[in-house]
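Engineer: kindly generate the corresponding structure for this input.
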Amino acid sequence: MALIGLAKSALHYRRNPRPGVAEPVAHRDRRQPSAITDQERSWVIDQLNANEGVPVEQVYYLSLDSGEGGFVSLATFHRVARAIERSSCRRQRRAGTPDSARRPAPDLRGTGPGQVLCWDITVLPGQYRGQSFALYAVIDLFSRKIVGHTVQPREDHIVAAKWMGNVLDSLGGRTRVVHSDNGAAMTSNKMKNLLGKRGVTQSLSRPAVSNDNPHIESWFSTVKYHRRYPQLFDDVHDAARWCDEFIEFYNSAHRHSGLNGYTPDQVFSGTWRDVHERRQAAAEQAFRNKPIRFSRAPVVPAPPEHTRLAITARKAPAATSTVEQLLAA
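Structural biologist: Numbering: from 1, shown residues only. Now for the predicted structure:
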């Protein structure tokens, strides 16, 4: 109660000051005894202006070494620099890449299985600190099927090139484009030579853009957030065994939302048509039994006729890109 009364008295004083008593001065407006004078402040400004383009910290130490700046601190130099809107120049940023030289956003379209592949490498954690394994995986853009994978002790460009060659062989020469990010294994000379010899176009994500390879990145999230994911693996063989089992489940049993509920295996092999007929027959039977439940005759959706790599650029590139001309051939 005493504190409440004191607060009320203070509020009454502020609203009704006693005659003859000066108004209190705000803290920001008070003159601190240790503050630099106007003349000293002008000297600091002169030092900053005389060293335009030099970091504030460097200007401070230059003035200190000259024997004239001992009366002021580094924090004061920065404070004065901010007050006059002087850049600190702590990092020289390189100029942006001109639009004419900037790599366009990838614009890939798959109209059939095996035409466009997207791949990447992710880390699987081991049970010991610092222990990890590398999961190489490649996904078919059209069917979302994992058409190749391997688990290795580490990322290696030689292993990646040999593995990719085996994946391309298993698809019987159908592949026209292989898309990836700009990792060392993806941009190695061995990988470029492999794809070039097989007549496969190499597509790369834009530098410093994290979402130009969304399909394989989304699949990695599916792996690591699945309820079966063990979080830690005993060794590389344990990781390989688990990945084999999960990928078999994903390809053959996982109803993919991007495929309208069909499995990647069904879309890749074309057996989705049999499944579609059964689904459509069941929907029509339900319509005949209870037509009041439907506003119109049900039509079960089929998988998309084509799959396009998500466009992340503000302005989509022209549809006459080299890759699309190749796919349309």
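Engineer: got a list of contacts for the helix or strand harbouring residue 239?
Structural biologist: Under the criterion of DSSP states H and E, residue 239 resides in helix 236-253. Helix 236-253 is contacted from outside by 124, 133, 135, 137, 145-146, 149-153, 219, 222-223, 226, 228, 230, 233, 263-265, 268, using C-beta atoms under 8 Å, 6 or more residues apart in numbering. For the C-beta atoms, the positions are set from N, CA and C on the backbone; glycine is no exception.
Engineer: which helices and strands sit right next to the next helix or strand after it?
Structural biologist: Once the chain leaves helix 236-253, the next helix or strand it forms, by DSSP H and E, is helix 264-269. If you count contacts as 3 or more C-beta pairs under 8 Å, 6 or more residues apart in numbering; DSSP states H and E, helix 264-269 packs onto helix 236-253.
Engineer: can you give me how far stretch 77-87 is from the chain middle?
Structural biologist: 35 Å (C-alpha atoms, centre = their mean, to the nearest Å).
Engineer: tell me the mean pLDDT over it?
Structural biologist: Regarding stretch 77-87, the rounded mean pLDDT is 80.
Engineer: same thing with stretch 253-268?
Structural biologist: 92.
Engineer: same check on stretch 113-126?
Structural biologist: For stretch 113-126, the mean confidence score works out to 95.
Engineer: let's number from 613 now, not from 1
Structural biologist: Yes, from this point I'll number from 613; that puts the last item at stretch 725-738.
Engineer: quick one: buried residues of that stretch?
Structural biologist: 725-734, 736-738 (16 or more other C-beta atoms under 10 Å).
Engineer: out of the residues you listed, list just those in strands.
Structural biologist: 728, 729, 730, 731, 732, 733, 734, 736, 737 (DSSP state E).
Engineer: so residue 719 versus residue 680, what's the distance?
Structural biologist: 61 Å (C-beta to C-beta, to the nearest Å).
Engineer: before we move on, what about residue 720?
Structural biologist: For residue 720, the distance to residue 680 - C-beta to C-beta - is 63 Å.
Engineer: neighbour count for these two, which is higher?
Structural biologist: residue 720 (25 against 12; other C-beta atoms under 10 Å).
Engineer: ok, how many other residues are close to the nearest residue to that one once chain neighbours are set aside?
Structural biologist: What sits nearest to residue 720 in space, not counting adjacent residues and going by C-beta to C-beta, 6 or more residues apart in numbering, is residue 921, at 4.2 Å. Other residues lying near residue 921 total 22 when counted by other C-beta under 10 Å.
Engineer: report pLDDT for residue 921.
Structural biologist: 79.
Engineer: quick check: it touching residue 826?
Structural biologist: Yes: between residue 921 and residue 826 there is a contact at 7.4 Å, judged by C-beta atoms under 8 Å.
Engineer: got a list of contacts for the strand or helix carrying residue 791?
Structural biologist: According to DSSP H and E, residue 791 maps onto strand 789-792. Identification of contacts with strand 789-792 by C-beta under 8 Å, 6+ apart yields 718, 720, 727-732, 750, 753, 776, 798, 807, 812-817, 825, 921, 935, 938-939.
Engineer: gap between the closest residue to residue 735 other than its chain neighbours and residue 834?
Structural biologist: Nearest residue to residue 735, sequence neighbours excluded (C-beta to C-beta, 6+ apart): residue 744, at 4.9 Å. Applying C-beta to C-beta, the value for residue 744 to residue 834 is 20 Å.
Engineer: now swap in residue 722 and tell me
Structural biologist: 19 Å.
Engineer: so what pLDDT did the residue nearest the centre of the chain get?
Structural biologist: In the chain, the centroid-proximal residue (C-alpha atoms, centre = their mean) is residue 822; its distance is 3.4 Å. Note on residue 822: pLDDT of 73.
Engineer: now the one 5 residues further on
Structural biologist: Per-residue confidence (pLDDT) for residue 827: 91.
Engineer: can I assume it sits in a helix?
Structural biologist: Yes: assessed by DSSP: H, G, I helix; E, B strand; the rest coil, residue 827 belongs to a helix.
Engineer: what residues are up against it?
Structural biologist: Counting by C-beta under 8 Å, 6+ apart, residue 827 has contacts 730, 751, 753, 756, 921, 922.
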